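Student: sequence and computational prediction follow.
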Amino acid sequence: MDLSEPALDRLRLKLRYKVLYHVGHNCADVDDLVQESLARFIRAEQRQLIRNTDEFGAFLNGVCRNVILEYRRRVRREPSIDPDVPIPDAGVRPEAEILEMRDSIDHGLNELAERDRMILRSLYLDGKEKEEICLQWGMTDAQFRVVLFRAKERFRRVYGTEMKRTTTG
Amino acid sequence: MVCKKEPIEREQVIARYLSRSLESEAVEEFEGHYLGCDECFEEMRVSELLADDLKASSLAWKQTGGVSVLRFKANAELTHSAQELDELRKEVLEQSDSRVIIDLSRVTRIDSAGLGQLMSCYSHLVKNRGALKMMNPAPEIQKLLDMTGLSTLIPTFHDEDEAVSSFRN
C-alpha cells in the first residue's frame, strides 16, 4: 500500500472532510481526530491487519468512525473539557481552501441560464431525483446530463488549478 | 461501488450526501468508498463548490447616504419561478431598511409576478414610512413599467447619486 507522504496527505485531506462532516466545523479537535485515525490506520497496516488492501477505504472509514465515537463518549463523560459548547452537528462549512477557490470562481454559475441554475438547485439543494427534474422541465436524460456536466466542468477546472497551486505552495 | 455507477447516479449519491439526505448506511458506504477513491472524492469536492455557489445570494446590498442600494450580481429574471424573485421578497420585506433603491440594470425579463413583487415591496416600505425607487432599467423593462403605470408610482432614475439624493427631497 502506498503510504508515501503525498498519499498520506491525500488521506489526511479526506479524513478531515469526513470528520468535519460528523463533528462540525466548530469542533476544536478535528486535527487530533484526523491524526489519531491516520496513526491507527498506519499501525494496522504495519501489522498487516488490513485484509483487503484494495478496499482500504472501508477499513479506514471504520477506524475513523471509532475514533469519532470514542471522542463523543469522552466529551460526554468529561464535560469539563468544554462545558458550554456541545459537539456541533452542523454541516461541513467551506474550509479555507474552498473559500479561496470560491474567490477565484467569481460566481461561475452566474453565467449559466436561469433554467440551468434552477435545474441544478433542484438536484443539489432540494434533493430531487433526476426523473422528477426531467419530468418537471420536460427534459431527456441526455439534456439533463449536458446541463449537469457543463456546470461541473467549470468547477472542475477551478478545483484542479487551485489544488495544483496549493500543493506547489 | 459508487464510481462504478452510471455518472448521473453517482452524482445523485453525492448530491444527497452533501445535502445530508442520504441514509446512514449509504453515508457509511460512500465515505468508505471516497476514502479510498481519489476520483470520487474530487467529484464530491467539485460538486460541493457547485452547490455552494448555488446557495450564494444573487443580490448585493450597499448603503449610500442612509439609503440601501440593492443590485443583482448577474443577469436576473423577475419571473414567477425565478429564485431572484424569492430573494428580492426576503431582502426587502424581511429587512428593517425603509429607504431602498433597486438597481434593475441586470434585470432582463419581468412578468406579472415580478411586477407584483415590486408593488409589494413598494407597499411594505411606504407602510414603514420609507420609500422605494428604481434605477437603470433596460429600455424594454422601462417600457413595461410605463405601460403598467408602475413607473408613476415608483420613481425611476438613471444615476445613483440622483436616486440617493431624491430621498432627501
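Tutor: Thanks, I have it. Just so you know, these numbers come straight off a predicted model, no measurement behind them. Numbers count the residues shown, from 1 in each chain, chains lettered A, B, ... in the order given.
Student: only C-alpha atoms for contact and neighbour calcs from this point on.
Tutor: Fine.
Student: so who does the residue of chain A positioned farthest from its centre touch?
Tutor: Among the C-alpha atoms of chain A, the one farthest from their average position, using C-alpha atoms, centre = their mean, is that of residue A:138, at 32.3 Å. Residue A:138 makes contact with no residue, according to C-alpha atoms under 8 Å, 6 or more residues apart in numbering or on different chains.
Student: next, the buried residues of the strand or helix carrying residue B:152.
Tutor: Counting by DSSP states H and E, the element that carries residue B:152 is helix B:150-153. In terms of neighbour count (16 or more other C-alpha atoms under 10 Å in any protein chain shown), helix B:150-153 has its buried residues at B:150, B:151.
Student: what's next to that helix, contact-wise?
Tutor: B:115, B:119, B:142, B:145, B:146.
Student: cutoff 10 Å now
Tutor: B:115-116, B:118-119, B:122, B:132-134, B:142-146, B:156 (C-alpha atoms under 10 Å, 6 or more residues apart in numbering or on different chains).
Student: in chain B, which helix or strand is least confident?
Tutor: When the helices and strands of chain B are compared on mean pLDDT, DSSP states H and E, helix B:83-93 comes out lowest with a mean of 81.
Student: now check the helix or strand where residue B:50 lies, is it near chain A?
Tutor: Using DSSP H and E, residue B:50 falls within helix B:38-55. Yes. Shown here: helix B:38-55 in contact with chain A (C-alpha under 10 Å from any C-alpha of the partner chain) through B:38, B:41-43, B:45-55.
Student: what's near enough to touch the closest residue to residue B:98 other than its chain neighbours?
Tutor: Nearest residue to residue B:98, sequence neighbours excluded (C-alpha to C-alpha, 6 or more residues apart in numbering or on different chains): residue B:130, at 4.4 Å. Contact analysis of residue B:130 by C-alpha under 10 Å, 6+ apart lists B:97, B:98, B:99, B:100, B:122, B:123, B:124, B:167.
Student: isn't the third one up against residue B:68?
Tutor: Yes. The pair formed by residue B:99 and residue B:68 meets the contact definition of C-alpha atoms under 10 Å, at 6.2 Å.
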